[in-house]
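In: Let's see this in three dimensions:
(4 chains)
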There are 2 protein chains.
Amino acid sequence: MNIGDVSRKSGLPAKTIRYYEDIGLVTPPRSENGYRAFREIEVHKLAFLGRARELGFTIDDCRTLLALYEDDGRESAQVKRVAEDHLHKIDEKIAQLQSMRGTLAHLIDECAGDHRPDCPILEDLAGEQT
Amino acid sequence: MNIGDVSRKSGLPAKTIRYYEDIGLVTPPRSENGYRAFREIEVHKLAFLGRARELGFTIDDCRTLLALYEDDGRESAQVKRVAEDHLHKIDEKIAQLQSMRGTLAHLIDECAGDHRPDCPILEDLAGEQT
DNA sequence: ATTGACCTTCCAGCGGCTGGAAGCCCCATG
DNA sequence: CATGGGGCTTCCAGCCGCTGGAAGGTCAAT
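Out: Presented below is the predicted three-dimensional model:
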């Protein structure tokens, strides 16, 4: 299968697939003409990667998860640990965004949003106490 | 004031301050020895930038906000629009993270996390229907 | 004179792609 | 058989917002 087909099948841009090869996540063999010749296993791996990336795992996590997936001797605890660490990071990001959101929404609320120049948003940014 | 003092005062790393000069956000004059000689106005701008960045505004937004801050003829509606757009993007990010979080937490919950290899997390990533 | 803390510039790298250029390959059509 | 168009290849550069590090100048105190 050529990269275009794999791209359509996996939903990943061809560029991304080449990049994943570059960094050693998949290693499709080549046909005589130099084209990448994807087998089922690579297509499967790419789908795995796509899904893991959708869940926000880093490329490094993906590498670990793929390795665990292919390791018959794995313990589910290892996988769970990776996932829990990631969940924790997601929670931190959400908390940070919600804190921003809170401040921002409050400032927006206070701003008249009309033709006059007075603006609590700018005042806050400038460090003026209201 | 030298960059070190400004860094301590604003909380921004010296590297970041130099970078902000590079991209034209602040333009401190130079003393005879070539050192950046920050005046109150630049320190103030840097504090403004630090606060805006804390709220998650992009550098480009910061540029706009700074320009509005310095424009006496601004209308608060302009500022409000920038802030609302940003709020909207934050909300999108939060939603995306929460969706990830939901899936992930569910998978983690289902995973035994013991010495056995069976793992619903990997199964989900591999696209196996459970 | 020498230390050591500052300051300078410049270049490279982070993550995870993405765009674009230049050049093959392959198939269908005239 | 030439041509066109769609694929494929590689390589290099750029996105964002810094951050690290090297190599060197400056300044105040010892």
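In: so where's the longest helix in chain A?
Out: Residue-count comparison of every helix in chain A, with assignments taken from DSSP state H, identifies helix A:76-110 as the longest.
In: and whichever helix or strand comes after that one, what does it pack onto?
Out: The helix or strand immediately downstream of helix A:76-110 is helix A:120-125, counting by DSSP states H and E. Applying 3 or more CB pairs under 8 Å, 6 or more residues apart in numbering or on different chains; DSSP states H and E, we find helix A:120-125 packed against helix A:76-110, helix B:40-54, helix B:59-70, helix B:76-110. For glycine as for every other residue, the C-beta is placed from the backbone atoms N, C-alpha and C.
In: and chain A, which of its residues are near DNA strand C?
Out: For chain A, the residues found near DNA strand C under the criterion CB under 7 Å from any atom of the strand are A:P13, A:K15, A:T16, A:R18, A:Y19, A:E32, A:N33, A:G34, A:R53, A:T58, A:I59, A:D60.
In: between those, which is closest to DNA strand D?
Out: Proximity of these to DNA strand D (CB to the nearest atom of the strand) peaks at A:G34, which lies at 4.9 Å.
In: Look up how far A:S10 lies from the closest one.
Out: If you measure A:G34 against A:S10 using CB to CB, to the nearest Å, the figure is 21 Å.
In: Between those two, which is the more surrounded one?
Out: Set side by side, A:G34 and A:S10 show unequal neighbour counts under other CB atoms under 10 Å in any protein chain shown, the larger going to A:S10 at 21 against 7.
In: wait, isn't the more buried one in contact with A:H44?
Out: No - contact criterion CB atoms under 8 Å: A:S10 and A:H44 do not qualify, at 9.3 Å.
In: and the one residue sitting closest to the centre of chain A, which of the three is it?
Out: The central residue of chain A, meaning the one whose C-alpha is nearest the mean C-alpha position (CA atoms, centre = their mean), is A:G56 at 3.8 Å. Of the three states, A:G56 takes coil according to DSSP: H, G, I helix; E, B strand; the rest coil.
In: give the contact list for A:Q78.
Out: Listed by CB atoms under 8 Å, 6 or more residues apart in numbering or on different chains, the contact partners of A:Q78 are A:L68.
In: Read off the pLDDT value for it.
Out: At A:Q78, the predicted lDDT confidence score is 98.
In: I'd like to know how far it sits from A:P28.
Out: The separation that A:Q78 has from A:P28, given CB to CB, amounts to 27 Å.
In: A:P13 now?
Out: A:P13 sits 16 Å away from A:P28, taking CB to CB as the criterion.
In: before we move on, what about A:L68?
Out: 22 Å.
In: Likewise for A:G56?
Out: In this structure, A:G56 lies at 26 Å from A:P28, with CB to CB as the measure.
In: Check A:V6 too.
Out: As for A:V6, its distance to A:P28 is 8 Å (criterion: CB to CB).
In: Please enumerate the shared neighbours of the two.
Out: Looking at what touches both A:V6 and A:P28 (by CB under 8 Å, 6+ apart), the common residues are A:F38, A:E42.
In: Give the residue farthest from the middle of chain A.
Out: For chain A, the C-alpha farthest from the mean C-alpha position belongs to A:R116; by CA atoms, centre = their mean, that distance is 41.7 Å.
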